[in-house]
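> Got a predicted structure plus its sequence, pasted below:
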Amino acid sequence: MTAAAFPVRTGTNTGSSRQLAGTGALLRFNLRRDRLVIPSWVAVTSLLVLSLPSSLRSVYSTPAERADLARQMLTNSSLRATYGPVFSDSLGGLTAWRIGGYAAILAGVMSLIVVVRHTRDEEESGRQELVSSAMVGRRAPLTAALLTAFVADSALALLITAGLAGQGTAGALALGLGIGGVGMVFATLAAIVAQFTDSGRLAKGLTGGLVGAAFVLRAAGDSTTDDASSPLTWLSPIGWLENLRPFASERWWVLGLFAAAALLQGSLAYELAGRRDVGMSFLPARPGPANGRLGTAAALAWRLQRGSVLGWSLGFFAAGVAFGGITKGAADLVGDNARTREIIERMGGQSGIEDAFLATMVGMFGMLAALYAVSSVLRLHSEETTGRAEPILANAVGRLRWAAGHLTIAFAGAALIMLLSGLGLTLGYGAEPGPILAATLVQLPAIWTLGALAVLLHGLSPRLSPLSWAAAGLALLLGWIGPALNLPQTILDLSPFGHLPKLPGGEMEWGPVAALTGIAVVLVGVGLTGLRRRDLST
């Protein structure tokens, strides 16, 4: 039986104004709950964008060099697929080209997480039913969730606009509004997906897959045209951002696409929300056996996380093929630009430019895989705080055995997705697999260290768990923009990835690898000790 078969509540709460009763209080509560997550995400994303003009100025110091870069992009389909076409050789135009699409992806991910967190996650935990029993309108929770995402996207748009205003006010406003618009499109899309799924994790995974599909559509379209005019590009919200053309004779009418999509999707989400009962979904989960394949804690952990492992694995393999294919094109693009070569060599080592580029890509895959490791470890947090862990632990299952299932998937899953990224790079680049696969596996000690830090923080107190994301975000930030800003090595070494050998092309150094592995083991041990001794959180 689907959720549509359940009756919709009627009575005194059917008027349009009463349907939204309590929205303001819920919005304030949501913002208070996200007082660390949203500012951190907005700050990191805006910093990535705002750091680009100075970095580009140092790499391409003259207008002639920037014009030459734009001309080369017109003939390099691989790099167009990765970053999109260039519409202006100004610093603002190159900033929009280089980072605009990726900032839009980050805005979309932030927005979908916020919406699912305050809708499906709340229903899954049972808290929404308690809230709805008070003087709260039927559509107030969804409205408050969308408004929370709107506040986050507006803050991001404002920071980008203010920070890039020196490059051109109109272009800065267009880029800020476009990135915020992409965020709201995926926020309302997540609101729809949350109506069909019975778990927040599945809703996030499906919406995240749609974000990836939008990037693939944009990349496929841009690989065939040099002006973002492909129908495939127009099917993607990220492609709309390109066609808005910040800093290049802005097309303001494109903003109407963002507004129309957000309004239509939001209206559909409201309609669906009114046709189901709280806690139910249009696609309820099938009941499964309590024995056989789900007879152990490890089997249950795999059942809960297998979708995430599969999604990350496929995504890393596809990205490896794509970036492996553009390696030779990226080397041609660098050419004789000494500053670009210096940045790539700082990120990827002092070997040949192609090896250095591959090492840079491997490092980026490693930093992104750390996000998977943290997310997988923190499944312990969600299982504990939603009360699902307590019935399991009430049986003949110890805490260490319960945690071991999830940690095995977290650490072994990280190894799997890095191995697949290496296979993808090998296929795309057309090289011998040995050196590239070895380079991807060398990233594991740093990935495991960040995952182990998540184990430590959760083991000491569930309230400390969100700090794991801050540590992973710092590592990503230092690895992404640290070399471009020429930060001192002492600062870059704050990230565990700063201690790893630069492979392929560099010399293998076993000392840092062994040290990071040992640190990860110690952190996991201390975290599990804390988990065993403290009370469960519900």
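Good, I have the coordinates.
> need the helix or strand of the protein with the lowest average pLDDT.
helix 338-348 (a mean of 55; mean pLDDT, DSSP states H and E).
> can you map out the helices along the stretch 251-400 of the chain?
Secondary structure of the stretch 251-400 of the chain by DSSP state H, counting those that start in this stretch: the helices cover 255-273, 297-325, 327-334, 338-348, 353-377, 379-385, 389-393, 399-429.
> where does the stretch 301-450 of the chain dip in pLDDT?
Counting by pLDDT under 70, the stretch 301-450 of the chain has low-confidence residues at 328-353.
> Same question for the chain.
Ranges of the chain meeting pLDDT under 70: 1-17, 76, 78, 277, 279-282, 284-295, 328-353, 481-487, 538.
> rerun at 50
1-14, 349 (pLDDT under 50).
> Now do the same contact list for the residue nearest the centre of it.
Residue closest to the average C-alpha location in the chain (C-alpha atoms, centre = their mean): residue 109, at 5.2 Å. Contact analysis of residue 109 by C-beta atoms under 8 Å, 6 or more residues apart in numbering lists 186, 208, 211. Every residue, glycine included, has its C-beta placed from N, CA and C.
> Pull out the buried positions in the helix or strand harbouring the second one.
Secondary structure assignment for residue 208, by DSSP states H and E: helix 200-224. Along helix 200-224, these residues count as buried under the neighbour rule (16 or more other C-beta atoms under 10 Å): 200-208, 210-212, 214-223.
> Could you do stretch 435-443 as well?
436, 437, 439, 440, 441, 442, 443.
> picking that back up, state the distance from the residue nearest to the centre of the chain to residue 420.
Plainly put, residue 109 is 21 Å away from residue 420 if you go by C-beta to C-beta, to the nearest Å.
> How much space separates the nearest residue to residue 473 once chain neighbours are set aside from residue 53?
Distances taken as C-beta to C-beta, 6 or more residues apart in numbering place residue 44 nearest to residue 473, at 5.4 Å, with adjacent residues excluded. Residue 44 is 17 Å from residue 53, where distance means C-beta to C-beta.
> that older thread, output the buried residues of stretch 435-443 in TSV; the columns should cover secondary structure and distance to residue 158.
Listed next are those as TSV, based on DSSP: H, G, I helix; E, B strand; the rest coil; distance: C-beta to C-beta, whole Å:
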residue	secondary structure	distance to residue 158
436	helix	42
437	helix	44
439	helix	40
440	helix	39
441	helix	42
442	helix	41
443	coil	36
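> I'd like these written out as JSON lines, with distance to residue 172 added.
Converted to JSON lines, these look like this (distance: C-beta to C-beta, whole Å):
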{"residue": "436", "distance to residue 172": "40"}
{"residue": "437", "distance to residue 172": "43"}
{"residue": "439", "distance to residue 172": "38"}
{"residue": "440", "distance to residue 172": "38"}
{"residue": "441", "distance to residue 172": "42"}
{"residue": "442", "distance to residue 172": "40"}
{"residue": "443", "distance to residue 172": "36"}
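> Just the closest of those to residue 169, please.
Among the buried residues of stretch 435-443, residue 443 lies closest to residue 169 (C-beta to C-beta), at 41.6 Å.
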